[in-house]
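**Q** Below: sequence and its predicted model.
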Amino acid sequence: MDDIKVISRALEGAEKTVLIGFPGSGLVGSIALQYLVEQMEFEQIGAITSKYFPPVALMTKGVINAPVRLYEKDHLVAVISDVPVHPAICYEVANGIMDWLAQFDIREVVTIAGIITNESEKRVFGVATSSGVLQRVEEKTIILPMGSISGVAASLLTECKTRGIPGIGLLGETVNTPDPRSSAATIEVLNQIYGLNLDIQPLLEQAVEIEAAMSQIAEQVQKTEAAPRREQLPMYG
């Protein structure tokens, strides 16, 4: 715990479900959980710092916010990160988080991440630390028959497996740009598992705005690339 510092009050109550989202493909986990804590009015209870995190301080309207934050409401806990974790130190970060959570009565851990496919659908794939846990999501997700996942989500699930803590991975189908539609699809699965009844329509409206902005940027890039460079201009005189 020397390298990963959790500065937080203790979790209240028992049988906690911990939702974790770090930046990755499509920012699926980060977008989904930030939307969830805002819409359901979670209370921020602490933050996580580490020498492994990038030296970045994020701010909103001039106010600094911790890049990795802890929230709580009723039986749910959320760990949300705005900064990516380098693959070389995913184990240390996952181990530090799980060491802190091990003090409390944790029912299960759910990691939310993105998975890039060649399809345009927004399916949600499910993985779990045991066949018994997998039954909780097998009718609500597409079960990956074979393959591998990577990043901090994989390290967290591995830690759950070795510690005997039930772990679930929800992988939203995405492209490698911010993808609120994929995040909304993972929230729909959370709605089904935990009965959250969280309205995803505002998030889908945000998706339309992001897609329009991305389309405009792509159009500008295309125009820039199509414009002749100075050295390509014909010479006269």
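**A** Arrived safely.

**Q** okay, CA-based contacts and neighbour counts for the rest of this
**A** Fine.

**Q** for whichever strand or helix holds G46, what is the average pLDDT?
**A** Here G46, judged by DSSP states H and E, is contained in strand 43-50. Mean pLDDT, computed over strand 43-50, is 95.

**Q** Just the CA atoms of the host helix or strand of G114, as PDB, please.
**A** Per DSSP H and E: G114 is located in strand 106-116. Taking C-alpha atoms only, strand 106-116 is exported to PDB below (Å, rounded to 0.1, in the frame of the first residue of the first chain):
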ATOM      1  CA  ILE A 106     -17.300  -7.000  -0.500                       C
ATOM      2  CA  ARG A 107     -20.000  -9.000  -2.300                       C
ATOM      3  CA  GLU A 108     -18.500  -8.700  -5.800                       C
ATOM      4  CA  VAL A 109     -16.400  -6.500  -8.100                       C
ATOM      5  CA  VAL A 110     -17.600  -5.400 -11.500                       C
ATOM      6  CA  THR A 111     -15.100  -3.900 -14.000                       C
ATOM      7  CA  ILE A 112     -16.400  -2.000 -17.000                       C
ATOM      8  CA  ALA A 113     -14.200  -1.600 -20.100                       C
ATOM      9  CA  GLY A 114     -14.300  -1.400 -23.800                       C
ATOM     10  CA  ILE A 115     -13.500  -4.100 -26.400                       C
ATOM     11  CA  ILE A 116     -12.800  -3.100 -30.000                       C
END
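
**Q** Next, the residue nearest to the spatial centre of the chain: secondary structure please.
**A** The centre of the chain sits closest to G29, judged by Cα atoms, centre = their mean, with a distance of 1.7 Å. Assigned state for G29: helix (three-state reduction, DSSP: H, G, I helix; E, B strand; the rest coil).

**Q** where in this protein is pLDDT low?
**A** For the chain, applying pLDDT under 70 flags the ranges 1-2, 211, 213-237.

**Q** what about 90?
**A** Along the chain, the parts satisfying pLDDT under 90 run over 1-3, 24-27, 51-67, 82-86, 117-121, 144-150, 175-179, 205-237.

**Q** those helices in it, which residues are they?
**A** Assigned by DSSP state H, the chain shows helices spanning 28-39, 90-101, 131-134, 151-163, 180-194, 201-226.

**Q** The ones you listed: which one's closest to H75?
**A** Closest to H75 of the helices of the chain is helix 180-194 (Cα to Cα; 10.2 Å).

**Q** Flag every buried residue along that closest one.
**A** Residues P180, R181, S182, S183, A184, A185, T186, I187, E188, V189, L190 are the ones in helix 180-194 that count as buried (16 or more other Cα atoms under 10 Å).

**Q** The first one against G29, yeah?
**A** No. The pair P180 / G29 is not scored as a contact, 9.7 Å apart, by Cα atoms under 8 Å.
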